[in-house]
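Student: need a 3D model of the following:
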Amino acid sequence: MANKTAKYILAFLLLLFVTVLPSTAGQAAETAQSTTSYYTIGNSWDYTLTHEVLVENLARSYAFDSTITIPLIDETSPLYNQLVGMELSPYPDRIVTEADGSRYAVYEIGNLEGYDSVTFVQRYALRVFSVDYTFDTTAVANTYSDLELRLLTDELSATSDVQCDDAAILEFATQAADGETNPYQIAHALFAAVSLATDYDEADVAQDALSVLERGSATCEGYTNLYLACLRAMGIPCRQVTGYLYQPALHSTAPYLDLENRRLLANGLRHSWVEFYLPSLGWVAADPTFIYTFSFNGQVQKFVNWSFFASIPQDRRYIASHVGDLSDESIDIRHTGGNLDVTFTASLVPGHVYTPFADISGHWAQQAVTFCVEQGLFQGVSAASFAPEEPMTRAMFVTVLGRLYEAYGGKISSYNTSVLQFTDIGYHSYYIDYLGWAVDNQLIEGYGDGLFGPDDSVTREQMGKMIFDFLALMEQQLPAEGELDFADSAAISDWAVEGILACTQNGVISGYPDQTFRPDQEATRAQVAAIIERISRLLNGETLIEEETAPAEQESAQPDTTTEAGAAEQESAQPDTAEAGAAEQESAQPDTTEADAAQ
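Tutor: Reported below is the predicted structural model:
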């Protein structure tokens, strides 16, 4: 029994620590990001961060007209994080986004009975990177451009917690900088000064910069505020990042590891750190909370831990929830009557374990839809719905193929005269560039007489032909032999036979359990998502087999209306730009630890 338990723990820990490579269609984008001039992206790990908010009515009486506001993770992430997807359950009545990027989910609850409770869950699919800053530290510019200073006004300003205009802060920072004028060298000197002048202490006391400087002790929030204040006092733009710090070597046992539920408890991993801005380069991460200590003859000496300055190595995972000076991250509850109490639990698991849309939960294509949404190939018809059984329009189908083409390095021009032949399309529509690309590459044609039919549904035989031609464009040949053997093969048009034969024999498209192909039936959004996932795997060098691809085209719960919600991929930021009337929304510090690294 002991051996079995040990193996279980080891397997879970390996799963937590293992490097997870980026998903197939995202590799091109990450490669481009990792070749920037001042940093390189290293290894990546996929995690799901879950926030659970339990609201309980502790009174016997009802709580009326309750409004619950819950902070959400920022959509814009620092360079060492990528927010891949999100699940909000239940979906909020509204999401509010502040000017600084802070987001909040707002729930309106009419009545909550006495002793009753409700749970709100937010799951975030994240990709976390190690970072190596590769710029020449001796060649950093000494001054900021006027444009940089105008854009970074907030990152140079005093706040109630970051008193960069206080005389004591300015004196401390000036002494630490010791006449240095280069921003990088100043940030380097101030990092050491703040680390050595402060002891880690979890006492519940004020964490503003001036209090920390006077007291000489702080939590990570206090270290962050003091470092921010010193940097700004010396004219270096900087910002606070709040979130979590997961260090596998330190967080693989209790109280962090919850083996029963196979997760890490992340409440104790809450953390804040700093990013400072270097002229003509960009943001650089630094975390002054950690130092080395050495005891000799009863004397404790402190040394700067430079691995936390301008470096995010593979032994730590910084997970940002908000970038910018600390906003109100507390959960706000307003109600009449009752006695509402809140319990917040954060947890972390390896991989992406979430459902981006409520209407795909338990659906046969859930995994494929999630994949396509993560890669930016599909979006929902609204923020909360994917509509898996709605039909796929011609406009949306060429858009999805075009996005897949771009994901693997293809270039699509922003304007193409090929579309001028059509009179029934919107020349400012979301699909216009992809349509020109598809026509140029003979993936799709119009009906004649200037008609394209962007809102017409794609049939399954049309889909088979276009996918076959798309794979040929991608230099992906599909060997095929023999003849089609579906019960309704005779109903398949001659022009589609070659493509359907190749796609079905190679596991890209499958038929129905009754041995039919149903060539004239509309392709559904779920079916196309499943097929696009397989194409992506094929382009990534995998061999598809039939057992892997069933149940791609399963019987719909509504067999007479299995249409692929091409009803629309509309840009949510531009709701008036319809997709021919449709809608998919684009929508204390013992040896390098911070009091055992628990924040």
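Student: nearest the middle, which residue of the protein would you pick?
Tutor: Nearest to the geometric centre of the chain sits residue 83, at 1.1 Å (CA atoms, centre = their mean).
Student: for that residue, name its beta-bridge partners.
Tutor: residue 126 (DSSP bridges).
Student: and for the one 4 residues further on?
Tutor: According to DSSP bridges, residue 123 are recorded as the beta-bridge partners of residue 87.
Student: so the residue nearest to the centre of the chain versus residue 322, what's the distance?
Tutor: Distance, residue 83 to residue 322, using CB to CB, to the nearest Å: 12 Å. C-beta here means a position set from N, CA and C on the backbone, and glycine is covered the same way.
Student: what is in contact with those two at once?
Tutor: Common contact partners of residue 83 and residue 322 (CB atoms under 8 Å, 6 or more residues apart in numbering): 73-74.
Student: and residue 467, which of the three is it?
Tutor: What DSSP: H, G, I helix; E, B strand; the rest coil gives for residue 467 is helix.
Student: count of neighbours near it?
Tutor: Neighbour count for residue 467, taken as other CB atoms under 10 Å: 25.
Student: buried ones in stretch 484-493, by neighbour count?
Tutor: If you call a residue buried by 16 or more other CB atoms under 10 Å, then stretch 484-493 has these buried ones: 484, 486, 488-489, 492.
Student: ends of it, what's the gap?
Tutor: Using CA to CA, to the nearest Å, one end of stretch 484-493 lies 12 Å from the other.
Student: please apply the same query to stretch 252-266.
Tutor: Terminal-residue distance, stretch 252-266 (CA to CA): 12 Å.
Student: which of the buried residues of stretch 484-493 sits closest to residue 149?
Tutor: Distances from residue 149 to these, taken as CB to CB, are shortest for residue 492 (65.5 Å).
Student: could you redo the buried residues of stretch 484-493 as a markdown table and give each row pLDDT, secondary structure and distance to residue 505?
Tutor: Output for these, formatted as a markdown table (pLDDT from 0 to 100; DSSP: H, G, I helix; E, B strand; the rest coil; distance: CB to CB, whole Å):
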| residue | pLDDT | secondary structure | distance to residue 505 |
| --- | --- | --- | --- |
| 484 | 94 | coil | 9 |
| 486 | 96 | coil | 12 |
| 488 | 96 | coil | 17 |
| 489 | 95 | helix | 13 |
| 492 | 96 | coil | 14 |
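Student: tell me the contacts of the residue nearest to the centre of the chain?
Tutor: 73-75, 77, 124-126.
Student: out of those, grab the one that's most surrounded.
Tutor: residue 126 (25 neighbours).
Student: that residue and residue 80 touch, don't they?
Tutor: No - using CB atoms under 8 Å, residue 126 is not in contact with residue 80, being 10.6 Å away.
Student: returning to that earlier point: would you point out the most distant pair within the buried residues of stretch 484-493?
Tutor: 484 and 488 (9.3 Å).
Student: what touches both of those two?
Tutor: With CB under 8 Å, 6+ apart, residue 484 and residue 488 have common neighbours residue 517.
Student: ok, the buried residues of stretch 484-493 vs residue 157, which is closest?
Tutor: residue 492 (67.3 Å).
Student: isn't the closest one up against residue 484?
Tutor: Yes - taking CB under 8 Å as the definition, residue 492 is a contact partner of residue 484 at 6.5 Å.
Student: between the two, what contacts are shared?
Tutor: The contact lists of residue 492 and residue 484 share 500, 517, where a contact means CB under 8 Å, 6+ apart.
Student: how about residue 230, nearest residue that isn't a chain neighbour?
Tutor: Leaving aside its chain neighbours, residue 230 sits nearest to residue 173 (3.9 Å; criterion: CB to CB, 6 or more residues apart in numbering).
Student: residues contacting that neighbour?
Tutor: 190, 193, 229-231, 233-234.
Student: among these, which are in strands?
Tutor: Of those, none are assigned to strands by DSSP state E.
Student: I'd like those laid out as JSON lines, including pLDDT, neighbour count and distance to residue 391.
Tutor: Shown next, in JSON lines, are those (pLDDT from 0 to 100; neighbours: other CB atoms under 10 Å; distance: CB to CB, whole Å):
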{"residue": "190", "pLDDT": "98", "neighbour count": "29", "distance to residue 391": "60"}
{"residue": "193", "pLDDT": "98", "neighbour count": "21", "distance to residue 391": "64"}
{"residue": "229", "pLDDT": "98", "neighbour count": "31", "distance to residue 391": "58"}
{"residue": "230", "pLDDT": "98", "neighbour count": "30", "distance to residue 391": "60"}
{"residue": "231", "pLDDT": "98", "neighbour count": "28", "distance to residue 391": "55"}
{"residue": "233", "pLDDT": "98", "neighbour count": "25", "distance to residue 391": "61"}
{"residue": "234", "pLDDT": "98", "neighbour count": "21", "distance to residue 391": "60"}
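Student: any weak-confidence spans in the stretch 151-300 of the chain?
Tutor: By pLDDT under 70, the stretch 151-300 of the chain has no low-scoring segment.
Student: residue boundaries of the strands in it?
Tutor: Per DSSP state E, counting those that start in this stretch, the stretch 151-300 of the chain carries strands over the ranges 199-200, 217-218, 238-246, 257-258, 263-265, 270-278, 282-286, 291-296, 299-304.
Student: of all the ones you listed, which one is nearest residue 154?
Tutor: Among the strands of the stretch 151-300 of the chain, strand 238-246 sits nearest to residue 154 (CB to CB), with 8.1 Å.
Student: this protein - how does it break down into domains?
Tutor: 2-130+327-350, 132-322, 358-561 (automatic domain parsing).
Student: out of those, which gets the lowest mean score?
Tutor: Lowest mean pLDDT within those: domain 2-130+327-350, at a mean of 82.
Student: let me know the outermost residue of this protein.
Tutor: Relative to the chain centroid, the chain (CA atoms, centre = their mean) has residue 297 farthest, 49.7 Å.
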